[in-house]
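S.K.: return atomic coordinates for the entry below.
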Amino acid sequence: QWPQHLDRALMTLLEPPGAAAASAETLIRSERQSLIESVTQYSGVGQGVQRITQSMPVLKLVLPFIKTPTNLLKFTLERSPAAPLLKEWRADVKAGGSRRDLAVAKAMVGSGMMALMTEMVAQGHITGGGPADDDAKALMRANGWQPYSVKIGDKYYSYQRMDPFSSTMGIAADLVDLQGHMTEKQRDETATLLVGATLKNLSNKTWLSGLTDLTEAINDPDRSAQRFLARLAGSLAVPAGVAQVARVTDPVLREAETELDSIRSRIPGLSQALEPKRDVWGKPIMSEGGLGPDIISPVWQSTDKRDPLTDALLGFGGRVGAPSKTVGGRELSPREYGQYREEIGERARPVLDALTGASDPVTAALFNSLPIDERRDAVADALTKIRRGVRKDMFGDGKKEASKRSIAEILSEPPPPTGFVLDR
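M.R.: Here you go, the predicted model:
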C-alpha cells in the first residue's frame with residue numbers, strides 16, 4: 001500500500017508557489033520548535049546520567065556536560081538510519097500527520113547526506129578516525145594526514161568541532177574505515193556496523209574525552225592511568241583560554257608525562273621547556289594552526305606532505321613504531337629519548353628509501369615483486385639493526401657498570417654474612 005505521508009509530500013511539490021512557500025514556512029517553524037525543545041529537554045538516559053553526576057559530584061571532572069552531548073547525539077540519530085532506535089522518533093511516526101512527515105523527512109535526508117559523505121570518504125575527500133593500528137595512524141600523521149577532516153587540494157581542514165553536523169560526517173567516515181577491516185559477513189551486518197561507527201565517532205568527541213580517558217585508564221592502568229591523571233591535573237589547574245594562548249604562542253606539541261608537565265604545557269612561556277613530541281621519523285610535531293585567527297578558530301588544518309617513503313610504507317603495511325624507552329635496564333629521560341628517536345629517524349630514512357625504492361622506480365619494482373610479508377619483514381629487520389647501532393653509539397653496550405649504581409641501590413642490598421666482605 002502506498003504510504004499516505006508520501007502522498008502528502010508529492011502534493012506539496014505540486015502546490016502553487018504561494019502554497020508551497022507557506023508549507024515550507026510551516027516546516028521551518030516546526031523544525032525550529034523541534035530544535036528549541038531539544039535544547040530545553042533531553043532524554044531519560046541523559047536525565048539518569050545527570051542524577052548520577054549530581055549524587056557523585058566527582059564524576060563532573062570527567063563528565064562536565066550532560067545536556068549538550070545528549071542533545072547532539074539525539075540530533076544526529078534522528079537524521080540517520082538509526083532513527084527508529086529513538087523513542088521520540090517512533091512516537092512521532094505513530095502520531096501521523098505532519099509529525100510523521102517531519103520525522104521521516106529528517107531520517108531520509110540525513111541518511112541521504114550520510115550516503116553522500118560515504119562516497120566522498122571512499123574518494124579520499126573526507127577522513128574519519130583512521131585505522132585502529134596506532135603505528136599505521138602515526139605513519140599517516142607523519143605524512144600530514146589529519147583525522148575527521150575535509151581534504152581540499154593538499155590541505156586537511158578539521159570538521160571535528162562543527163557539531164551537530166560533524167557527527168553525521170564522522171559516522172559516515174568511520175563506517176568506511178570499519179568496512180576496510182571487516183570480513184564480508186561482518187559487512188553485511190548493517191546494524192552492528194552502524195553502532196560500531198557511532199561509538200568510534202563518539203569516543204573522539206572533545207566533550208566526551210574525559211570519560212574516554214577514564215575508561216582507557218581503567219582498562220589499561222599501566223599505560224593510560226598516568227596520562228589520564230596528568231591531563232586531569234592540567235585541565236583543572238589551567239583554564240582552557242590560557243592553554244589556547246600557550247598553543248598559539250608555542251605551535252610545537254609537547255610531551256607531558258607527569259601532572260606538573262601537563263600544567264606547564266598549558267602555560268604560555270613555560271611549555272617551551274618541555275621536550276617536543278616527535279613523529280615516526282623523530283621530527284618534532286608542529287601544529288599548523290587554524291583557519292583564520294588561531295586563538296578562536298575551531299578548524300585546525302594540516303598539509304599533506306606526499307612523502308614518497310611514507311607513501312611506500314603505507315602502501316604495503318610497513319610499520320615504523322616508536323622504540324622502547326628502556327635501554328640496558330634503564331629508562332631514558334625525556335631528553336635522551338627524544339635524541340634517541342631523532343637519531344634513529346635520521347639513519348632509518350636513507351636505508352629504508354634505498355630498500356623500498358621510494359625514490360627509484362627500478363628498485364621499487366623489484367621490491368614490490370616480493371610477497372607482502374617479506375617486504376614487511378625486511379623493513380622490520382632493517383629498523384632493528386638501525387636501532388641496535390644507535391643504542392650502541394649513544395649508550396654503549398647497555399651493560400650497567402657497578403660504578404654508576406646509585407647510593408640507594410647499594411644500600412638496599414642485604415649485608416654479607418659474618419666474616420665476609422663485599423668487593424665493590
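
S.K.: contacting residues around P251?
M.R.: Contacts for P251 (C-beta atoms under 8 Å, 6 or more residues apart in numbering) come out as M286, S287, E288, G289. (C-beta placed from N, C-alpha, C; glycine too.)

S.K.: could you rerun that using 6 Å?
M.R.: M286, S287 (C-beta atoms under 6 Å, 6 or more residues apart in numbering).

S.K.: how close does it get to Q272?
M.R.: 11 Å (C-beta to C-beta, to the nearest Å).

S.K.: repeat for G290
M.R.: G290 is 20 Å from Q272, where distance means C-beta to C-beta.

S.K.: so the two - more neighbours on which side?
M.R.: Each of G290 and Q272 has its neighbours counted (other C-beta atoms under 10 Å); G290 has more, 18 against 14.

S.K.: excluding its backbone neighbours, what's nearest the more buried one?
M.R.: S297 (2.8 Å; C-beta to C-beta, 6 or more residues apart in numbering).

S.K.: pretty sure the one you found sits in a strand.
M.R.: No: counting by DSSP: H, G, I helix; E, B strand; the rest coil, one finds S297 to be coil, located in no strand.

S.K.: and it, backbone torsions?
M.R.: phi -80, psi 130 (degrees, to the nearest 10).

S.K.: what's the neighbour count on Q123?
M.R.: Neighbours of Q123 under the rule other C-beta under 10 Å: 9.

S.K.: same question for A132.
M.R.: Neighbours of A132 using other C-beta under 10 Å come to 11.

S.K.: now the one 4 residues further on
M.R.: Neighbour count of A136, defined by other C-beta under 10 Å: 18.

S.K.: that one is in what secondary structure piece?
M.R.: helix 134-142 (DSSP states H and E).

S.K.: using PDB, write down the CA coordinates of that helix.
M.R.: Only the C-alpha atoms of helix 134-142 are listed here, as PDB (Å, rounded to 0.1, in the frame of the first residue of the first chain):
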ATOM      1  CA  ASP A 134      48.400   3.100  16.300                       C
ATOM      2  CA  ASP A 135      51.600   2.500  14.300                       C
ATOM      3  CA  ALA A 136      49.700   2.900  11.000                       C
ATOM      4  CA  LYS A 137      48.000   6.000  12.200                       C
ATOM      5  CA  ALA A 138      51.300   7.500  13.400                       C
ATOM      6  CA  LEU A 139      52.800   6.900  10.000                       C
ATOM      7  CA  MET A 140      49.800   8.600   8.400                       C
ATOM      8  CA  ARG A 141      50.100  11.600  10.700                       C
ATOM      9  CA  ALA A 142      53.800  12.000   9.900                       C
END
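
S.K.: so who does S166 touch?
M.R.: Contacts of S166 by C-beta under 6 Å, 6+ apart are Y159, Q160.

S.K.: quick check, pLDDT for it.
M.R.: Predicted confidence (pLDDT) for S166: 83.

S.K.: ditto for V109
M.R.: So, for V109, pLDDT stands at 87.

S.K.: neighbours of it, just the number please.
M.R.: So V109, with other C-beta under 10 Å, has 11 neighbours.

S.K.: name the element it belongs to?
M.R.: helix 97-122.

S.K.: distance from the chain centre to that helix, please.
M.R.: 26 Å (C-alpha atoms, centre = their mean, to the nearest Å).

S.K.: list the buried residues in that helix.
M.R.: 100-104, 106-107, 110-111, 113-114, 117-118, 120-121 (16 or more other C-beta atoms under 10 Å).

S.K.: quick revisit: right, and the residue nearest to G290 touches E288 too?
M.R.: No: at 11.2 Å, S297 and E288 do not qualify as touching, with contact defined as C-beta atoms under 6 Å.

S.K.: quick one on the thing from earlier: do you know how far the residue nearest to G290 is from S158?
M.R.: In terms of C-beta to C-beta, S297 sits 10 Å off from S158.

S.K.: settle it for me: which of these two has more neighbours?
M.R.: S158 (21 against 15).

S.K.: any idea how far M286 is from V252?
M.R.: With distances taken as C-beta to C-beta, V252 is found 6 Å from M286.

S.K.: many thanks, I have nothing further to ask.
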